[in-house]
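Student: Here's a sequence, model it:
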Amino acid sequence: MKYPLELKFKLLTFGQRITATDADGKVIMFIKQKMLKLKEQVEVYSDSNSEQLIFRMQADRVIDFSANYHFTDAQGNAWGAVRRKGMRSLWSAHYDIMQDGEIDMTISEENAIKKVLESLLGQIPLLGVLAVYLINPTYLVSRPDGTPLLRLIKKPALFEGRFVLEKLSDMPEDDELRSLLAILMAALLERKRG
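Tutor: Numbers count the residues shown, from 1 in each chain. Predicted coordinates:
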């Protein structure tokens, strides 16, 4: 994949849709979230025509703050999971990326103060809208030892959600795909912010 990658959400659609493009503007993934499901389910396609399914992400329980979202490829092979850290995510977004039941990487918000400011200012009419537009979170994907791998930056946008993903360190292709799937799920869960 050619970095930086750009993730774009269409906000005024029925069901969430994300288009992931590489540095050349080529679509590398198209993501659709199934609506009206008790357990969240997200499908990842190779193009915007939704013809070739490449991955599926599905919650392991019905509407839960600490649900695990399991990744499988089109043939049903397990690719890992991402789990939101329940109460810890109230102050600062934090997710564990799992492989074979073990924590392989983490996604954490780089600046927890932004989340607190956005929450406080978001309660004030008009100022809240401006705060959500201007205070954009940044997330860091790292190894458990603290080695940074990827940075996801929320960009200001009015009628769509925009994220830019930068690569900070080299990693195996499997880990890169697993981290991208985890980032997509985290972005879906955090999309209402900033």
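Student: Give the next helix or strand downstream of the helix or strand bottoming out on mean pLDDT in the chain.
Tutor: Taking mean pLDDT, DSSP states H and E as the measure, helix 88-91 is the helix or strand of the chain with the lowest mean score, a mean of 54. Counting by DSSP states H and E, the element after helix 88-91 in chain order, helix or strand, is strand 94-99.
Student: Only alpha carbons, please: show that next one as CSV.
Tutor: Extracted C-alpha coordinates of strand 94-99, given in CSV (Å, rounded to 0.1, in the frame of the first residue of the first chain):
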residue,chain,number,x,y,z
HIS,A,94,-8.1,2.9,23.5
TYR,A,95,-8.4,-0.4,21.5
ASP,A,96,-6.4,-3.6,21.6
ILE,A,97,-5.7,-5.4,18.3
MET,A,98,-5.7,-9.1,18.9
GLN,A,99,-4.1,-12.0,17.1
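Student: Name the residues of that strand that are buried.
Tutor: Applying a neighbour-count criterion of 16 or more other Cβ atoms under 10 Å, one finds H94, Y95, D96, I97, M98, Q99 buried in strand 94-99. For every residue, glycine as well, the C-beta is placed using N, CA and C.
Student: Closest one to V44 out of those residues, please.
Tutor: Nearest to V44, judged by Cβ to Cβ, of the buried residues of strand 94-99 is I97 at 15.7 Å.
Student: Quickly list what I31 is bridged to.
Tutor: In this structure, I31 bridges to I18, V44 when assessed by DSSP bridges.
Student: pLDDT score assigned to it?
Tutor: If you check I31, the pLDDT there is 92.
Student: do you know how far the residue of the chain most remote from its centre is from A157?
Tutor: Relative to the centre of the chain, and counting by Cα atoms, centre = their mean, the farthest-placed residue is P125 at 27.8 Å. In this view, P125 and A157 are 21 Å apart by Cβ to Cβ, to the nearest Å.
Student: Which helix or strand contains T106?
Tutor: Taking DSSP H and E as the definition, one finds T106 inside strand 102-109.
Student: and that strand, which strands flank it?
Tutor: Strands that pair with strand 102-109, judged by DSSP bridges, come out as strand 94-99 (antiparallel), strand 138-142 (antiparallel).
Student: Just the CA coordinates for that strand, please, in CSV.
Tutor: C-alpha atoms of strand 102-109 as CSV (Å, rounded to 0.1, in the frame of the first residue of the first chain):
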residue,chain,number,x,y,z
GLU,A,102,-3.1,-12.1,22.4
ILE,A,103,-2.6,-8.4,22.2
ASP,A,104,-0.5,-7.7,19.1
MET,A,105,-0.9,-3.9,18.8
THR,A,106,-2.9,-1.1,20.4
ILE,A,107,-4.7,1.9,19.1
SER,A,108,-4.7,4.9,21.5
GLU,A,109,-5.6,8.5,21.3
